[in-house]
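**Student:** got a predicted structure plus its sequence, pasted below:
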Amino acid sequence: MTDVLQTERLSWAVGGARILSDVSLTVAEGEFLAVIGPNGAGKTSLFNLVSGLARPTGGTIRLDGADITGLPPHRRARRGLGRTFQTSSVFATMTVAEHVEFAARSAGSGRVGPADVRAVLKRVRLAERAPMLAADLSHGDRRKLELAMLLAPTLRGTSSGPRLMLLDEPMAGTATEETGELSDVIRELHRQEGRGVLMVEHHMEIVLGLADRVAVMDHGTLLTTGSPDEVMANAAVQEAYMGAEL
């Protein structure tokens, strides 16, 4: 399998303070890699560097083998990198369908019809909510809408959509009864559609149920990477992150 994402000795310092130090990791095509670690470990900083919201002070980022270290976010998106954020980023006064239409137009898909929009919404289990205002959605459904917006470029075949989805704490703020279905949607996009996923998540049961591999960060460095079982059994992880034997 080829690597869709590769970071090599990725570092970031602000005002002399080291936020990220020499983080080297890969995500293979179609792989699900979860990033875990305590608050302040550098997980969101890593996402900001990979997505282009921040510029590293050292190291390189490659997408499908091409160096994207200096590219702005919109050019990374056109190359197949999509991202959601910790805080829900939908427009309260727009309908669910209008969100997908807007995302499709922004990606260059032009005008799309209701059937096209419904097809995308069906993939995230929101087809019946197409006419609803985003303000009236539950938090879990807003998260699914954000995923639908990532998929919008696939309308009319103008793009295959994101090859790698960066999901920054998708379960944050989501009610317990909604996390199961949201997990199922993410799993389907990963396994059935073959999309790579790089996810930050604090809910360990979600991580263990979704991830092919887990990367553990601590104090801005990459502590270890391995299968979920390997990581959970790692003594250094238990000390740094879990705080107790598991």
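**Tutor:** All right, it came through fine. Numbering: from 1, shown residues only.
**Student:** can you give me the strands for this structure?
**Tutor:** All strands of the chain, identified by DSSP state E, fall at 3-14, 17-28, 32-36, 58-63, 66-67, 81-84, 164-168, 196-200, 213-218, 221-226.
**Student:** domains of this structure?
**Tutor:** Following automatic domain parsing, one gets these domains for the chain: 1-80+165-246, 92-161.
**Student:** touching, T44 and L167? I think so.
**Tutor:** No - counting by Cβ atoms under 8 Å, T44 does not reach L167; the two are 11.8 Å apart. (Glycine included, C-beta is placed from N, CA and C.)
**Student:** what sits in contact with each of the two?
**Tutor:** V200 (Cβ atoms under 8 Å, 6 or more residues apart in numbering).
**Student:** those two: who's more crowded?
**Tutor:** A side-by-side neighbour count of T44 and L167, using other Cβ atoms under 10 Å, places L167 first with 26 against 18.
**Student:** for the residue lying closest to the more buried one once chain neighbours are set aside, give me the pLDDT.
**Tutor:** Closest residue to L167 in three dimensions, ignoring its sequence neighbours and counting by Cβ to Cβ, 6 or more residues apart in numbering: M199, at 4.3 Å. M199 carries a pLDDT value of 97.
**Student:** go ahead and confirm M199 touches D212.
**Tutor:** No - taking contacts as Cβ under 8 Å, M199 lies outside contact range of D212: 11.0 Å.
**Student:** which neighbours do those two share?
**Tutor:** Common contact partners of M199 and D212 (Cβ under 8 Å, 6+ apart): 32-33.
**Student:** quick check on those two: which one has the bigger neighbour count.
**Tutor:** The neighbour comparison of M199 against D212 (other Cβ under 10 Å) goes to M199, with 26 against 16.
**Student:** residue contacts, that one?
**Tutor:** 32-35, 166-168, 170, 186, 207, 210-211.
**Student:** so what's it bridging to?
**Tutor:** Beta bridges link M199 to A34, L167, judged by DSSP bridges.
**Student:** now swap in D3 and tell me
**Tutor:** Beta-bridge partners of D3, as defined by DSSP bridges: A28.
**Student:** identify the residues contacting it.
**Tutor:** 26-29, 62, 65.
**Student:** could you export the strands of the chain as TSV, including distance to A235?
**Tutor:** Shown next, in TSV, are the strands of the chain (distance: least, Cβ to Cβ, whole Å):
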stretch	distance to A235
strand 3-14	26
strand 17-28	21
strand 32-36	16
strand 58-63	28
strand 66-67	36
strand 81-84	33
strand 164-168	28
strand 196-200	23
strand 213-218	12
strand 221-226	10
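**Student:** wait, which of those strands is closest to A134?
**Tutor:** When the strands of the chain are compared by Cβ to Cβ, strand 81-84 sits nearest A134, at 14.3 Å.
**Student:** just checking, what packs against that closest one?
**Tutor:** helix 43-51, helix 139-151, strand 164-168 (3 or more Cβ pairs under 8 Å, 6 or more residues apart in numbering; DSSP states H and E).
**Student:** quick check: angle from the longest one to strand 164-168?
**Tutor:** Calculated by axes from the mean of the first three to the mean of the last three Cα atoms, to 10 degrees, helix 139-151 forms an angle of 150 degrees with strand 164-168.
**Student:** what's the pLDDT at the residue nearest to R213 when sequence neighbours are not counted?
**Tutor:** Leaving aside its sequence neighbours, R213 sits nearest to L33 (Cβ to Cβ, 6+ apart; 5.1 Å). Confidence at L33, expressed as pLDDT, is 98.
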